[in-house]
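> No letters, just coordinates:
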């Protein structure tokens, strides 16, 4: 009970700082491990922005036992770097019902100079895009139907991709104080409709053509899906969503610790890449098996290895630590962590949604009780 109460007392700012500060150290290590291979896709730094809702918890709390809805302990907006495989920042929110757009003001505080933010249409908000520009950042964002802009030129063909034909035109966004933001509107006319029936994909960006050609912008947006894969790995490899943690702050802290563990896993994979090459590790090595071995052997190593031996990692400098990681990676037998090939998925049957099973926000219920 005391441990649980301590977790529930941790403020969201602690979780943000914990992820941000550790990711900076991990970033330096990964770049040191792959100094010759880690090259930025763009002059700045690519970041994918997306939201994640923590899954419903058990009804252990008294306030939840009378509710028939699935209790949501919170959600987060995550900033992810596909180049390094690191989650660089999070914005946690205790209200599981909160709209992701309500957290954008906090996200804008994390915008850095020359970073490129790749976002889905849910984040296509004028104030958010303008805030990124004001902090000398860039965006690649999918346009939703109600988003308005002024057209400056007719569409011009920019060739084709595997998915469809590309067109580009110049548009203007009208910001506050009549400030104008010149952008490129890229439309991808799909050969095959999406699962939602869309036949055209609209992207807007303030990246100049000298830095990113039209087909490269379309490619960048396709990389957005890598954050969905990351979310799956954090949940399945590292059990990030602990459904017994009913209090929002406890659940969010558990999720933050899983994010740091995922970043550690990214460092391990980077060490392997520095020895065996990126293609081999990405295509053949399973993060699931690596995480499984760590989980199985952790307690045994704490028993077998003395505390004095672990101090080596605290005392060694960053350069020496990177060299040590490479030396350790040379002794890894990759065949023990080989990915298993999967057969094609069979089409599933869509579940029938029951209206009575709605979600409830744990934070709101707790607030009502306090009130």
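Received, thanks. As the structure is a prediction and not an experimental result, all values here were calculated from the model.
> use CA for all of it now, contacts and neighbours both
Will do.
> where do the strands sit along the stretch 151-300 of the chain?
For the stretch 151-300 of the chain, the strands defined by DSSP state E, counting those that start in this stretch cover 156-160, 164-174, 180-190, 200-205.
> Going by neighbour count, which residues of the host helix or strand of residue 24 are buried?
Element membership for residue 24 (DSSP states H and E) is helix 12-33. Buried residues in helix 12-33, defined by neighbour count with 16 or more other C-alpha atoms under 10 Å: 12, 15-16, 18-20, 22-23, 26-27, 29-33.
> Now do the helices in this protein.
Using DSSP state H, the helices of the chain run over 2-8, 12-33, 104-108, 126-134, 214-222, 226-238, 248-276, 278-284, 287-304, 307-310, 312-315, 318-329, 362-370.
> Can you list the low-confidence ranges for the stretch 1-150 of the chain?
35-44 (pLDDT under 70).
> Show the contacting residues for residue 268.
Shown in contact with residue 268 (C-alpha atoms under 8 Å, 6 or more residues apart in numbering): no residues.
> ok so, going back, tell me the most buried of the helices of the chain?
helix 248-276 (a mean of 22; mean count of other C-alpha atoms under 10 Å).
> Could you pull up the mean pLDDT of that one?
Taken as a whole, helix 248-276 carries a mean pLDDT of 92.
> tilt between it and helix 12-33?
Relative orientation of helix 248-276 versus helix 12-33 (axes from the mean of the first three to the mean of the last three C-alpha atoms, to 10 degrees): 0 degrees.
> Can you give the distance of helix 248-276 from its chain's centre?
Remark: helix 248-276 is offset 12 Å from the chain centroid, using C-alpha atoms, centre = their mean, to the nearest Å.
> would you turn the helices of the chain into JSON lines with distance to residue 57?
Output for these, formatted as JSON lines (distance: least, C-alpha to C-alpha, whole Å):
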{"stretch": "helix 2-8", "distance to residue 57": "15"}
{"stretch": "helix 12-33", "distance to residue 57": "19"}
{"stretch": "helix 104-108", "distance to residue 57": "26"}
{"stretch": "helix 126-134", "distance to residue 57": "32"}
{"stretch": "helix 214-222", "distance to residue 57": "32"}
{"stretch": "helix 226-238", "distance to residue 57": "14"}
{"stretch": "helix 248-276", "distance to residue 57": "9"}
{"stretch": "helix 278-284", "distance to residue 57": "33"}
{"stretch": "helix 287-304", "distance to residue 57": "23"}
{"stretch": "helix 307-310", "distance to residue 57": "36"}
{"stretch": "helix 312-315", "distance to residue 57": "37"}
{"stretch": "helix 318-329", "distance to residue 57": "38"}
{"stretch": "helix 362-370", "distance to residue 57": "9"}
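> looking at those helices, which is closest to residue 196?
For residue 196, the closest of these is helix 214-222, at 16.6 Å, according to C-alpha to C-alpha.
> hang on, the earlier thing: now do the helix holding residue 24: which elements does it pack against?
On a contact count with 3 or more C-alpha pairs under 8 Å, 6 or more residues apart in numbering; DSSP states H and E, helix 12-33 meets strand 86-93, helix 248-276, helix 318-329.
> Taking helix 12-33 as reference, get the angle to the first one.
Same thing as strand 86-93. Using the same axes, to 10 degrees: strand 86-93 against helix 12-33 is 170 degrees.
> Strand 86-93: partners in the sheet, and parallel or antiparallel?
Strand pairing for strand 86-93, determined by DSSP bridges: strand 75-81 (antiparallel).
> tell me the angle the partner strand makes with helix 226-238.
110 degrees.
> Need the strands of the stretch 151-300 of the chain in TSV (columns: mean neighbour count).
Output for these, formatted as TSV (neighbours: other C-alpha atoms under 10 Å):
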stretch	mean neighbour count
strand 156-160	14
strand 164-174	18
strand 180-190	20
strand 200-205	20
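> neighbours of the closest residue in space to residue 123 that isn't next to it in sequence, just the number please.
Nearest non-adjacent residue to residue 123, counting by C-alpha to C-alpha, 6 or more residues apart in numbering: residue 101, 6.5 Å away. Look at residue 101: counted by other C-alpha atoms under 10 Å, it has 15 neighbours.
> pretty sure residue 101 contacts residue 122?
Yes - between residue 101 and residue 122 there is a contact under C-alpha atoms under 8 Å: 7.4 Å.
> Let me see the contact set for the spatially closest residue to residue 148 that is not a sequence neighbour.
Excluding the flanking residues, the one nearest residue 148 by C-alpha to C-alpha, 6+ apart is residue 173, at 7.7 Å. Contacts for residue 173 (C-alpha under 8 Å, 6+ apart) come out as 126, 148, 149, 150, 180, 181, 182, 183.
> Pick out the residue nearest the middle of this structure.
residue 80 (4.0 Å; C-alpha atoms, centre = their mean).
> Next, count neighbours for the closest residue to that one other than its chain neighbours.
Closest residue to residue 80 apart from its sequence neighbours, by C-alpha to C-alpha, 6+ apart: residue 87 at 4.4 Å. Residues near residue 87, counting by other C-alpha under 10 Å, number 26.
> how about residue 87, what does it touch?
By C-alpha under 8 Å, 6+ apart, the neighbours of residue 87 are 19, 23, 78, 79, 80, 81, 259, 263.
> closest to residue 58 among these?
residue 259 (21.9 Å).
> is it true that the closest one touches residue 19?
Yes - between residue 259 and residue 19 there is a contact under C-alpha under 8 Å: 7.4 Å.
> coming back round to it: what's the most distant pair in the buried residues of helix 12-33?
12 and 33 (31.8 Å).
> pLDDT at the closest residue to residue 269 other than its chain neighbours, what is it?
Distance criterion C-alpha to C-alpha, 6+ apart; nearest residue to residue 269, sequence neighbours excluded, is residue 281 at 7.2 Å. pLDDT, residue 281: 92.
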